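Colleague: Predicted coordinates and the sequence they were generated for:
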Amino acid sequence: MAKKLVIKVTAGADAPERCSQAFTVAAVAVASGVEVSLWLTGESAWFALPGRAAEFELPHAAPLPELIEAVLAGGRLTLCTQCAARRDITEKDVIEGVRIAGAQVFVQESLADDTQALVY
């Protein structure tokens with residue numbers, strides 16, 4: 001098993017099952033002691049804003065705010081630079097603990113030794 005897991009979530013409320021799966025896998029990995037870096041891209045970018053995750057609903061799924069808290073408690077949560085810019089989201093707008101970074105950082109993290117990358 002890889003020691004690090006990089007997950008890119010490209011879906012938000014537009015594809016709720018795919019979105020929820022990414023956050024669930026990230027939170028479970030953190031709870032299992034895996035070093036996790038979860039990237040918010042596309043429509044998932046909105047979940048970097050306070051209160052937005054609370055609006056997300058999917059039957060039989062863990063609440064998104066709880067999954068985000070779990071990731072932030074033991075992993076890293078990153079908002080894509082371009083995705084943020086397209087939505088006029090700045091560093092002052094995001095939940096505490098969320099960083100904004102670009103493709104270069106994603107590629108570096110994904111290609112690091114002992115790392116597995118997943119895209120949802």
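Modeller: Received, thanks.

Colleague: measure the closest residue to Cys80 other than its chain neighbours to Ala112 for me?
Modeller: Excluding the flanking residues, the one nearest Cys80 by C-beta to C-beta, 6 or more residues apart in numbering is Thr41, at 4.3 Å. Where C-beta positions appear, they are placed from N, C-alpha and C, glycine not excepted. Using C-beta to C-beta, to the nearest Å, we find Thr41 at a distance of 19 Å from Ala112.

Colleague: Mind checking which of the two has more residues around it?
Modeller: The residue with the greater number of neighbours, taking Thr41 and Ala112 and applying other C-beta atoms under 10 Å, is Thr41; the counts read 22 against 15.

Colleague: Pairing partners for the residue most central in space within the chain in the sheet, please.
Modeller: Nearest to the mean C-alpha position of the chain, by C-alpha atoms, centre = their mean, lies Leu38 at 3.6 Å. Applying DSSP bridges to Leu38 gives these bridge partners: Ile7, Leu77.

Colleague: residues contacting it?
Modeller: With contacts defined as C-beta atoms under 8 Å, 6 or more residues apart in numbering, Leu38 is in contact with 7, 9, 22-23, 26, 71, 75-78.

Colleague: ok, now Cys19?
Modeller: Contact partners of Cys19, counting by C-beta under 8 Å, 6+ apart, are 9, 11-13, 43-44, 56, 58, 64, 120.

Colleague: redo that, cut-off 7 Å
Modeller: Listed by C-beta atoms under 7 Å, 6 or more residues apart in numbering, the contact partners of Cys19 are 9, 11-12, 44.

Colleague: How about Glu43?
Modeller: The neighbourhood of Glu43, defined by C-beta under 7 Å, 6+ apart, consists of 11-14.

Colleague: how deep is Gly51 tucked in, by neighbour count?
Modeller: Neighbours around Gly51, by other C-beta under 10 Å: 9.
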